[in-house]
Each structure stands twice: as C-alpha cells, then as structure tokens.
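Trainee: starting from these lines, generate the structure:
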Amino acid sequence: MPRLDLELEIAVQNVVRDLIRDSLVQNAHDCSEGGLAVAVAECCFNPKGRFGAEVKLEKTNAPNDIRKLELLATLFGEAQSRILISTAPENVDKVLSILRERNVPHLQLGTVITNDLRIALDAETFSWPIADLYDDWWNSIRRAVEQDESIPSL
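Mentor: Below you'll find the model as predicted:
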C-alpha cells in the first residue's frame, strides 16, 4: 500500500507553488493519473498548441529484470509527491538551484521539442507523433462507445 510522506508532499507543493509565483514554471502536472509517461504526454497537449518532449531515463546497475520493473514504475507509477514541471531554458539553472536549496528531490528529465514525444529508456528510444497521441487521448471515450454495440445509442 502506498504511503504518503507528508513532510515531502508539503515541501514539493510549497516549492512548486513558489516557483509558479515567481513565474519560473511554464507548466506543472502531477503524476497521479497514469504516472510520468501520461503526465509528459498530457503536458504536450497545450491549449496554445501541441508541443513535443524528449525524455531520457538513465540506466542503473540493477539486473535486467529489476531494471524493467524500475522503468515501469518510473513511467507509470502513480506515487505521491511527483510533479512534472517545465521552465524556460534561461530559468533551468535557477529552478534547479532552488530545488537543491529546499532539499526537494528532483531530476532534470529532458527538453521541449516539436512534433513528437520521445522517451529514451537505456538503449531504446520510443517515439510517437504528438498529433496521433492527442487524437487518441481526446477521442478515446467516443471511439470506445462507438465500438461497443452493447451500449444503446440515444
């Protein structure tokens, strides 16, 4: 059963709030619904336009079977106190410095790019066009209902 580290949660929420107040955050998204992979994809679906992202997750020295579990937990785990933030390139050093000063665990994952979501896991890179991901995400319920003949139409 997941346990909430209340002190960590308060620290994470406070620092993200302060970064937003200081206009250092362009986008913030928690990882509670689908994990990091879903949060990154949803951040690309900006009302002002579609963005891409390139994310790199580094290899650990864990055996392959444990490494696969680590990657799945990182990508899809819905653990508490994980917020994905993006900042302008000129603010990266300042944001990282503030996170270090406040002793908030953090990791610089990647960069904003155009058109694609790319996730590099060790030696493999997965890539999807943002337009396709957005279409699948936006239309998923409608398509599921249209395909299920047991649901009566109105």
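Trainee: check contacts around Gly77.
Mentor: Cys31, Gly35, Leu36 (Cβ atoms under 8 Å, 6 or more residues apart in numbering). (C-beta placed from N, C-alpha, C; glycine too.)
Trainee: with distance to Ser81 added, can I get these in JSON lines?
Mentor: Listed next are these as JSON lines, based on distance: Cβ to Cβ, whole Å:
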{"residue": "Cys31", "distance to Ser81": "9"}
{"residue": "Gly35", "distance to Ser81": "13"}
{"residue": "Leu36", "distance to Ser81": "13"}
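Trainee: for this protein, which segments count as strands?
Mentor: 27-30, 45-46, 49-50, 52-57, 83-86, 110-113, 116-121, 124-129 (DSSP state E).
Trainee: closest to Ala144 out of those?
Mentor: strand 45-46 (18.8 Å; Cβ to Cβ).
Trainee: any idea how far that closest one is from the chain center?
Mentor: On the basis of Cα atoms, centre = their mean, to the nearest Å, strand 45-46 is displaced by 13 Å from the centre of the chain it belongs to.
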